[in-house]
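1. Sequence and predicted structure, then a few things I'm wondering about:
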Amino acid sequence: MNIIFIRHADPDYENDSLTEKGIKEAELLRERIKKMDADEYYCSPLGRAKKTCETAMEFTGKKAVILDWLREFPGEIVDPVTGKNRIPWDLMPSYWTNFNDLYDKEKWINTPIMKSGSAHTLYRDVCRKFDEFLALHGYERNNNVYKAVTPNKDTIVLFCHFGIECVLLSHILGISPLVLWQSFIALPTSITVIKTEEREEGIAYFRCRAFGDTAHLYKENTTPSESGAFCEVFKDKDDRD
């Protein structure tokens, strides 16, 4: 089975929609979507993901099913500096890299900072729902692998967000989400692909075939939005999209 994650296009966060650039990015996804010839499409309930999905799928004759748990990851932590609730993936490198347990796929969730808010409980909840979803498509989790109950070659597309994409990938690949949130970036409309490999009969493992692919934009001489990324050099710190 192929699972394709597509991050929403350049966001207008204030209105939970897309910028003009974002609409153009979503339009450039259309040909890529057609070639995928996916069996099923799913989408986050948030406006920026829905607008991306609707625009990219406009001429496919298909509609996506809305899944509430595909919304941007709502888990929070208490900021160690300000004492306020915040998302867990914008921590400064000088802070989080001091805690080796945050790199560990088992230990990160029980660290004091992750248990300071709702992040740890909501992570488990999202992963449980993802496993229920995979079971419906023929693959049941068994410890760190998946039992291929109904092996298939279906292609499933998920229109979602960078934060939740990292959560789902961390669960299915056995990686701390902190490593993915902090060390990887999936730019707007980027495509990430994971595919099952059944090297032993009845035992499936997912392998990443592509991460953050924006070839559909470069093909049309369009530079991807930098939304979600930070400045390359500190003197440009105010230039973040």
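-> Arrived safely.

2. The residue most central in space within the chain - nearest residue in space that isn't next to it in sequence?
-> Residue closest to the mean C-alpha point of the chain, counted by Cα atoms, centre = their mean, is Glu165 at 1.4 Å. Sequence neighbours aside, Phe5 is the residue nearest to Glu165 in space, at 4.9 Å (criterion: Cβ to Cβ, 6 or more residues apart in numbering). For the C-beta atoms, the positions are set from N, CA and C on the backbone; glycine is no exception.

3. Wait, a strand at that neighbour?
-> Yes - membership of Phe5 in a strand is supported by DSSP: H, G, I helix; E, B strand; the rest coil.

4. please begin residue numbering at 37 from this point
-> Got it, first residue is 37 now, which makes that one Phe41.

5. Can you give me the distance of Ile208 to Leu194?
-> From Ile208 over to Leu194 the distance is 12 Å, taken as Cβ to Cβ, to the nearest Å.

6. So between those two, which is more surrounded?
-> Higher neighbour count among Ile208 and Leu194: Leu194, with 25 against 21, using other Cβ atoms under 10 Å.

7. so what's that one up against?
-> The contact partners of Leu194, by Cβ atoms under 8 Å, 6 or more residues apart in numbering, come to Ile39, Ile40, Phe41, Ile42, Tyr78, Cys79, Leu103, Leu106, Leu204.

8. mind checking the SS state of the last one?
-> In other words, Leu204. Going by three-state DSSP: Leu204 is helix.

9. Let me see the backbone angles for Gly83.
-> In terms of degrees, to the nearest 10, the main-chain angles of Gly83 are phi -60, psi -40.

10. can you tell me which residues contact the residue nearest to Glu201?
-> Contacts for Phe41 (Cβ under 8 Å, 6+ apart) come out as Leu194, Cys196, Glu201, Leu204, Leu205, Ala222, Ile227, Thr228, Val229, Ile230.

11. ok, so of those, who is nearest Tyr159?
-> Sorting the contacts of Phe41 by distance to Tyr159 puts Leu204 at the head of the list, at 10.3 Å, by Cβ to Cβ.

12. Give me the neighbour count for the closest residue to that closest one other than its chain neighbours.
-> Counting by Cβ to Cβ, 6+ apart, Phe166 is the residue found nearest to Leu204 once chain neighbours are left out, at 5.5 Å. The local packing of Phe166 (other Cβ under 10 Å) involves 20 other residues.

13. right, and Phe166 touches Leu106 too?
-> No - the pair Phe166 and Leu106 fails to qualify as a contact (Cβ atoms under 8 Å) at a distance of 9.2 Å.

14. Low-confidence stretches in this protein?
-> With pLDDT under 70 as the threshold, the chain has low-confidence stretches at 275-277.

15. quick one: Thr191 from Leu54, how far?
-> Here the criterion is Cβ to Cβ. By it, Thr191 lies 25 Å from Leu54.
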